[in-house]
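Trainee: return a 3D structure for these sequence lines:
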Amino acid sequence: MSKESGNFKQFLERKNIIFSAKRYGIDALGAMAQGLFASLLIGTILSTLGEQIGLTLLVDIGNFAKAIAGPAMAVSIGFALQAPPLVLFSLLAVGNAANTMGGAGGPLAVLIVTIFAAELGKLVSKETKIDILITPLVTILTGSLLSIWWAPAIGTAASAVGKLIMWATELQPFFMGILVSVIVGIALTLPISSAAICAALGLTGLAGGAAVAGCCAQMIGFAVMSFKENKWGGLIAQGIGTSMLQMGNIVKNPRIWIPPTLASAITGPVATCIFQIQMNGTPVSSGMGTCGFVGQIGIYTGWISDIAAGNKTSITGFDWLGMILICFVLPAILSVIFCEILRKIGWIKENDLKLES
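Mentor: Got it, this is the predicted structure:
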């Protein structure tokens, strides 16, 4: 090793810059999911609850939380990367830029751009006598320029998922149910916005019902099959929050994604072909699953709208049975069964599903 490379390695160590899959693919990704939950998801829960009980104040509070999703994710990522204060605070602007320009791929854009901006900010942090100017300048300028350069392309890539969904909706209900359920469910767990994709596509009707089924399979599936490791806190965080919390563990062992995905491949066509569950509420609800029960509220408000329009006479017991089975019971049972099979053959091991506290 040359003297120059040795010095540079020591410099990186001093700056706490570690190029590793764990730091970027597990620590940063897991922190981003928490930031998303503490902003967009909790905001959606509050605003939806406010709309249902007619409390405008709660709706406004929820909208305030949703509006800062990008900054919240960026700061969470910076915290996981152990960024110094000036870098961490500057990431607020970076997150806003990346999320705004990333569209449906906003969360993924925030993850990628923030990692680069944070590490570059750490490089210059406290290296000059005018650190108060240089560090925020480098961090914000780098993050904003990368957002302008990369985020739209990331958003386009996320929209390609939407095009695949729209192609799937043109198939007959059985195959459409499988594909839409699986694709939207996977999108919900990935660091992209399934809700934004569904909203952009106006995904309603039977396709919206299949999307809800897929999202519920991921959220309820991960929540129940990881109960042994994460107990009640994990059950609530994943089942009513987001299955994205498992992305760090998925990076470490992708096989843990198999059970809820297989469950979605079953519940999707059951929803479309047997119970004919439709999402005739707002399209964004199709991509929310059980997050704050937004998906279920969307199905219910769709029933009410159909009755008011004369397209449905009443809400039947069969309707309620379908919602309960598709959104809660079947995802839980199927995911646990598939998970236990994979545990027995050694594909899923103890603590593979454990969330970091």
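Trainee: look up the closest residue to residue 280, ignoring the ones flanking it.
Mentor: residue 302 (3.0 Å; C-beta to C-beta, 6 or more residues apart in numbering). Any C-beta I mention is one placed from the backbone N, CA and C, and that applies to glycine too.
Trainee: how far away is that neighbour from residue 278?
Mentor: Using C-beta to C-beta, to the nearest Å, we find residue 302 at a distance of 6 Å from residue 278.
Trainee: residues touching the residue nearest to residue 280, list them.
Mentor: 204, 278-281 (C-beta atoms under 8 Å, 6 or more residues apart in numbering).
Trainee: let's see if you can find the most crowded of those.
Mentor: Sorting the contacts of residue 302 by how many neighbours each has (other C-beta atoms under 10 Å) puts residue 279 first, at 29 neighbours.
Trainee: beta partners for that one?
Mentor: Counting by DSSP bridges, residue 279 forms beta bridges with residue 205.
Trainee: any idea how far residue 143 lies from residue 128?
Mentor: Distance from residue 143 to residue 128, counting by C-beta to C-beta: 19 Å.
Trainee: how about the helices in the stretch 151-300 of the chain?
Mentor: Using DSSP state H, counting those that start in this stretch, the helices of the stretch 151-300 of the chain run over 173-189, 194-201, 205-225, 227-236, 247-252, 258-269, 294-309.
Trainee: as a markdown table, those helices with distance to residue 166 and mean pLDDT would be great.
Mentor: Output for the helices of the stretch 151-300 of the chain, formatted as a markdown table (distance: least, C-beta to C-beta, whole Å; pLDDT from 0 to 100):
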| stretch | distance to residue 166 | mean pLDDT |
| --- | --- | --- |
| helix 173-189 | 9 | 92 |
| helix 194-201 | 6 | 75 |
| helix 205-225 | 8 | 95 |
| helix 227-236 | 33 | 94 |
| helix 247-252 | 25 | 92 |
| helix 258-269 | 16 | 97 |
| helix 294-309 | 19 | 88 |
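Trainee: kindly compare burial across these and name the winner.
Mentor: A comparison of these by mean neighbour count, using mean count of other C-beta atoms under 10 Å, puts helix 205-225 on top with a mean of 31.
Trainee: show me the shaky parts of this structure.
Mentor: 1-6, 200, 357 (pLDDT under 70).
Trainee: in it, which spans are strands?
Mentor: With DSSP state E, there are no strands along the chain.
Trainee: surely residue 86 meets residue 131?
Mentor: Yes. With contacts counted by C-beta atoms under 8 Å, residue 86 reaches residue 131, the gap being 6.7 Å.
Trainee: shared neighbours, those two?
Mentor: What both residue 86 and residue 131 touch, as defined by C-beta under 8 Å, 6+ apart, is the set residue 125.
Trainee: so between the two, which is more surrounded?
Mentor: Neighbours per residue (other C-beta under 10 Å) separate residue 86 from residue 131, with residue 86 holding more: 21 against 14.
Trainee: and that one, how close does it get to residue 14?
Mentor: 17 Å.
Trainee: same thing with residue 236?
Mentor: 41 Å.
Trainee: was I right to think residue 143 contacts residue 114?
Mentor: Yes. Using C-beta under 8 Å, residue 143 is in contact with residue 114, at 6.8 Å.
Trainee: joint contacts of those two?
Mentor: Common neighbours of residue 143 and residue 114 (C-beta under 8 Å, 6+ apart) are 74, 91, 94, 98.
Trainee: what's near enough to touch the first one?
Mentor: Residues in contact with residue 74 (C-beta under 8 Å, 6+ apart) are 35, 91-92, 94-96, 98, 110, 114, 143.
Trainee: quick one on the thing from earlier: show me the two of the shared contacts of residue 143 and residue 114 that sit farthest apart.
Mentor: Farthest apart among the shared contacts of residue 143 and residue 114 by C-beta to C-beta are 91 and 98. That separation is 9.8 Å.
Trainee: now do the shared contacts for these two.
Mentor: 74, 114, 143.
Trainee: and of those, the nearest to residue 317?
Mentor: Nearest to residue 317 among the shared contacts of residue 91 and residue 98: residue 74, at 46.9 Å, using C-beta to C-beta.
Trainee: leaving out sequence neighbours, find the closest residue to the closest one.
Mentor: Using C-beta to C-beta, 6+ apart, the closest residue to residue 74 is residue 95 (2.6 Å).
Trainee: burial count for the one you found?
Mentor: Count around residue 95 with other C-beta under 10 Å applied: 33.
Trainee: mind listing what it touches?
Mentor: 70-75, 110, 114.
Trainee: go again with 6 Å.
Mentor: 70-71, 73-74, 110 (C-beta atoms under 6 Å, 6 or more residues apart in numbering).
Trainee: circling back to that earlier point, so which of the shared contacts of residue 91 and residue 98 are in helices?
Mentor: Secondary structure from DSSP state H places 74, 114, 143 of those in helices.
Trainee: now those in a markdown table, with distance to residue 160?
Mentor: Output for those, formatted as a markdown table (distance: C-beta to C-beta, whole Å):
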| residue | distance to residue 160 |
| --- | --- |
| 74 | 24 |
| 114 | 23 |
| 143 | 25 |
